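Novice: sharing a model that was predicted from the sequence below.
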Amino acid sequence: GAVVSQHPSRVICKSGTSVKIECRSLDFQATTMFWYRQFPKQSLMLMATSNEGSKATYEQGVEKDKFLINHASLTLSTLTVTSAHPEDSSFYICSATGSTADTQYFGPGTRLTVL
Amino acid sequence: ELKVEQNPLFLSMQEGKNYTIYCNYSTTSDRLYWYRQDPGKSLESLFVLLSNGAVKQEGRLMASLDTKARLSTLHITAAVHDLSATYFCAVDISRGQNFVFGPGTRLSVLP
């Protein structure tokens, strides 16, 4: 149980375009989802926390107008990188927690490359 | 601000040797996780430590937690090449709602 999926696993896009990444909880209801970013050879850094039906809470230094997060259902959250630039290239990992769980379950990650 | 430190950041060791990775954190917490990450992959959960004095073992890895010292250790016994990966500790300061990761320890086990 407690499986989290992400789609796509890899995406390459041109600078200036927008990219949407999906995070799904497959076998539980995710009341809270988290989005992390990981640059090469670095640790995971929390970008934002989203609760179903509410606006996401962004960490300091993360542009909410650039990284749009939607958590419209208890099994799906999306991260849209708007007007992507090469410096947005990174590994994006989502995690989720349910109402009865007090831990986070991590997705397999999405590798974004912006040319 | 919570700080999580790992020591060492890089570790190169020979097969068959033992070593310990340390994770120090700066605030009160009794919940700590260890993860393994292979290149290009996401996190694989290794251990969940939920109380002071907790000790967990799986194969050649053993993790412990001392909440009073704010210290967790990941001990490697008789290392093998397959253990080569990056290991992260993560401190949970809000029962699943707030994880803070350490910088990671990149382990390379040489034949």
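Specialist: Noted; the coordinates are in hand.

Novice: A:Thr57 bridge partners, please.
Specialist: Beta bridges link A:Thr57 to A:Thr49 when assigned by DSSP bridges.

Novice: could you report the neighbour count for it?
Specialist: A:Thr57 is flanked by 13 other residues according to other C-beta atoms under 10 Å in any protein chain shown. C-beta coordinates here come from the backbone N, C-alpha and C atoms, glycine included.

Novice: for the residue lying closest to B:Glu5 once chain neighbours are set aside, list the residues it contacts.
Specialist: Counting by C-beta to C-beta, 6 or more residues apart in numbering or on different chains, B:Asn24 is the residue found nearest to B:Glu5 once chain neighbours are left out, at 4.7 Å. The contact partners of B:Asn24, taken as C-beta atoms under 8 Å, 6 or more residues apart in numbering or on different chains, are B:4-7, B:70-71.

Novice: repeat that for A:Gly53.
Specialist: Counting by C-beta under 8 Å, 6+ apart, A:Gly53 makes contact with A:71-72.

Novice: ok, now how distant is it from A:Leu74?
Specialist: The gap separating A:Gly53 from A:Leu74 is 9 Å, by C-beta to C-beta, to the nearest Å.

Novice: before we move on, what about B:Leu50?
Specialist: B:Leu50 is 26 Å from A:Leu74, by C-beta to C-beta.

Novice: OK, contacts around residue 56?
Specialist: The chain I'm using is chain A. Contacts of A:Ala56 (C-beta under 8 Å, 6+ apart): A:48-50, A:64, A:69, A:71.

Novice: oops, wrong one, chain B.
Specialist: Residues near B:Lys56 by C-beta under 8 Å, 6+ apart: B:47-49, B:62-64.

Novice: all set, thanks.
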